[in-house]
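Visitor: Here's my sequence, what's the structure:
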Amino acid sequence: MKRFGNFVVKARYIILILSILLLIPAAIGYFNTRVNYDLLYYLPDGIDTMEGQQILMDDFGSGAFGILLVENMDDYHVAELKDKIEGVDHVKNVLWYNSFADLSIPKSMLPQKIYDTFNAENSTIMMVIFDDTSSGDGTMKAIEKIRTVTDHQCKVSGISAIVTDTKALSEQETPIYVGIAVLISIVILALLMDSWAIPIFFLLSIGMAIIYNLGSNFVVGEISYVTKALAAVLQLAVTMDYSIFLWHSYEENLKKNHGKREEAMADAISSTISSVVGSSVTTVAGFIALCFMSFTLGMDLGVVMAKGVILGVISCVTILPSMILVFHKLLEKTAHRQLLPEFRRIPNFITKHYLLFFIIFLVLLVPAIFGNTHTKVYFDLSRSLPESLDCIQARETISDKYHLSSANIVLLDADTPKKTVKQMMEEMKQVDGVETVLGLESVLDNSIPDSFIPKELTSNFRTDDYEMFVFMSSYTNGTEEANKQCNTVEKIIKKYDKTGMLVGEAACTRDLIEITDKDFKIVSFVSVFLILLIIALVFRSVSIPVFLVALIEFGIFVNMGIPYYTGKTLPFIASIVIGTIQLGATVDYAILMTNRYKYERNLGKERKEAARDALAISMKSVIVSALTFFGATFGVGVYSSIDMISSLCLLMARGAIISMICVICILPTFYILFDKIIVAGSFRFLNKK
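Guide: Next comes the predicted model:
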């Protein structure tokens, strides 16, 4: 390690030049990495809903549907508007009243249910069919164009409209997230460190690692908007500790080497690699655990963040040391006295009243577990967006006037007899919450002669291999009623056609609920197992991992239990990823203090004295680490209007503070109460002389 340190010191100018040059391909990769704004896209292949969507694209040439609302317009002008919309690129067809019959035919000739489907009060709705997927670039461009060519005379609802507005909002806010995280981090670090300028170099080196990370995503083709929005902020939060450790190590070695900067930095790099690699492994393990999710958003976020941590470590031991040595005069000029005091009274108080803190731990444990298991989550993706967005306003208006929340697709074998299809549709109409069933068989009856049915309409609903029809639901996606409705409709489909499929946002959301419930258990188990194993290997102990992981898990229960007691409902992804992120990122605080406790015990100190001194020496580092994590995430959580991002960042910020409090207040009591178990369960915890 010393050789590597010497190499970095000697090659510092070359390293800085190369690191700057590498930003060019990284930036090109970043701007050419596609971002996916549809979270339902990450459902696993092989389930009916995903296979059905592929069939819609392959056989019908359509993978997305939207509902358009037009208010206060006569039929003639609505028809003109419809023609304009059909002329937009990637719009395959628009279904409205005149899709089923000529405008010269009185509306009264339409079946009443179909008439009511398209008309309510002073408004009418159309269904637009796109020739791209719900999250495809073509569909999003089409929706933007529809709003433009119609002068916003129509409101667009549906998953594609949600995806489009999510993209616009996310692209607008993401740069601000980074700015807020950087600003707050600089302020906190400037106050906590002993130089006004060092935080800038921390953020420059980490910023380069972030750009390398985001640029390298070009290799995988695309990332989710959640990953894009969180990656920079989260990488900054979890890798800042490494820079702080290097700086402290450099300052210590500067004193030992009598002010010889190059030798001090070589020694600092050597000691930093040894410590940071061990520390980063738990963080990487936490993100790797996300890759075990069958809902592949976990792999998307897990791979990017694991890669980010590794790049953060590399940057910390190459780019940052080079910057410190090159700009050492600026750092010396901006030095100031560290504002954090040496903590002595608090460790004395905590170790003196260790039983009190253990009782507090036991008292809080039950409500924390209860709250954690009863915190409510939502799966309706539209709830994550502000109500001011066009897609949300459209959804609310359509829901109020037409009692419609989603359009769902039924796919059948094309050879299914018409009589059977009609029976199926009639049975579906009786299902609670099904407002309308719309297909060829619902139009081709005695009310309208076949000659009045446009040929284009038939191709929208039938191909050589498949027939499809639509049913409109009044239930909000992700609710118990909507899921029950999907299950009932699916049973009806399979009753008449065993190969039939239910496709659409409601069915996808139902599958999402079932899949993520299993994923939560898998991710929790894998993250705990991996981190238990890593700590066991680090300390060569079977007892220490149990205490450290149990402590942080308690902090996670407290963090995730708070929403239950405050009445807040969280986005579904929060309950899956927060536990593993908080565990992987903050268990380092406990590892740091346990290393010090082991050192103090080996000096011959009794357990209480060793616990006090370990806390006194480690407390400052734990506070600095937690506050920098808090600073990088809290501001983003407060600012973001996308609840998916806001909730995740606020939970991470609060989790860092809760873990910090747990390590400072409860871990010393574990040392004192369970010292015998710790020593007995560890290989040579105490060096016997």
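
Visitor: which of the residues in the host helix or strand of Thr420 are buried?
Guide: Using DSSP states H and E, Thr420 sits in helix 418-429. For helix 418-429, the neighbour count (16 or more other CB atoms under 10 Å) marks 421-422, 424-425, 427-428 as buried. (Each C-beta comes from the backbone N, C-alpha and C, glycine too.)

Visitor: So for the nearest residue to Pro44 once chain neighbours are set aside, what's the pLDDT?
Guide: Among residues not flanking Pro44 along the chain, Ser294 sits closest, at 4.7 Å (CB to CB, 6 or more residues apart in numbering). As predicted, Ser294 sits at a pLDDT of 89.

Visitor: Kindly report the same for Asp102.
Guide: For Asp102, pLDDT reads 57.

Visitor: Find the centremost residue of this protein, please.
Guide: Val226 (4.6 Å; CA atoms, centre = their mean).

Visitor: That one contacts Gly302, doesn't it?
Guide: No: counting by CB atoms under 8 Å, Val226 stays clear of Gly302, with 11.9 Å between them.

Visitor: Give me the phi and psi angles of Asn408.
Guide: phi -120, psi 150 (degrees, to the nearest 10).

Visitor: Contacts only, for it.
Guide: By CB atoms under 8 Å, 6 or more residues apart in numbering, Asn408 lies in contact with 470-473, 486, 489, 502-507.

Visitor: Which one of those residues is nearest to Phe7?
Guide: Closest approach between the contacts of Asn408 and Phe7, by CB to CB: Glu505, at 55.3 Å.

Visitor: If you drop the residues flanking it in sequence, what lies closest to the closest one?
Guide: Ile159 (4.7 Å).

Visitor: how much space between the one you found and Thr133?
Guide: The gap separating Ile159 from Thr133 is 10 Å, by CB to CB, to the nearest Å.

Visitor: shared neighbours, the two?
Guide: 38, 64.

Visitor: neighbour count winner among those two?
Guide: Counting neighbours by other CB atoms under 10 Å for Ile159 and for Thr133 shows that Ile159 has the greater number, 27 against 20.

Visitor: Contacts only, for the more buried one.
Guide: Counted by CB under 8 Å, 6+ apart, Ile159 has contacts 38, 40, 64, 134, 381, 505.

Visitor: Can you report phi and psi for the fourth one?
Guide: Torsion angles at Ser134 (phi, psi; degrees, to the nearest 10) stand at phi -60, psi -30.

Visitor: wait, doesn't it sit right on Ser160?
Guide: Yes: between Ser134 and Ser160 there is a contact at 4.8 Å, judged by CB under 8 Å.

Visitor: so what's Ser62 closest to, chain neighbours aside?
Guide: Nearest in space to Ser62, with sequence neighbours left out and distances taken as CB to CB, 6+ apart, is Ile129 at 4.7 Å.

Visitor: now that neighbour, which residues is it bridged with?
Guide: Beta-bridge partners for Ile129, by DSSP bridges, are Phe65, Asn93.

Visitor: In contact with Ile310, which residues?
Guide: 280, 284.

Visitor: Quick check: the residue lying closest to Asn72 once chain neighbours are set aside vs Lys401, distance?
Guide: Nearest residue to Asn72 in three dimensions, chain neighbours excluded: Asn122, at 5.4 Å (CB to CB, 6+ apart). To Lys401, Asn122 is 9 Å away according to CB to CB.

Visitor: burial of the residue nearest to Ser62, as a residue count?
Guide: As a measure of burial, Ile129 has 19 neighbours, counting by other CB under 10 Å.

Visitor: same check, this time on Lys495
Guide: The burial count for Lys495: 12, using other CB under 10 Å.

Visitor: Mind telling me what element it is part of?
Guide: Going by DSSP H and E, Lys495 is in helix 480-496.
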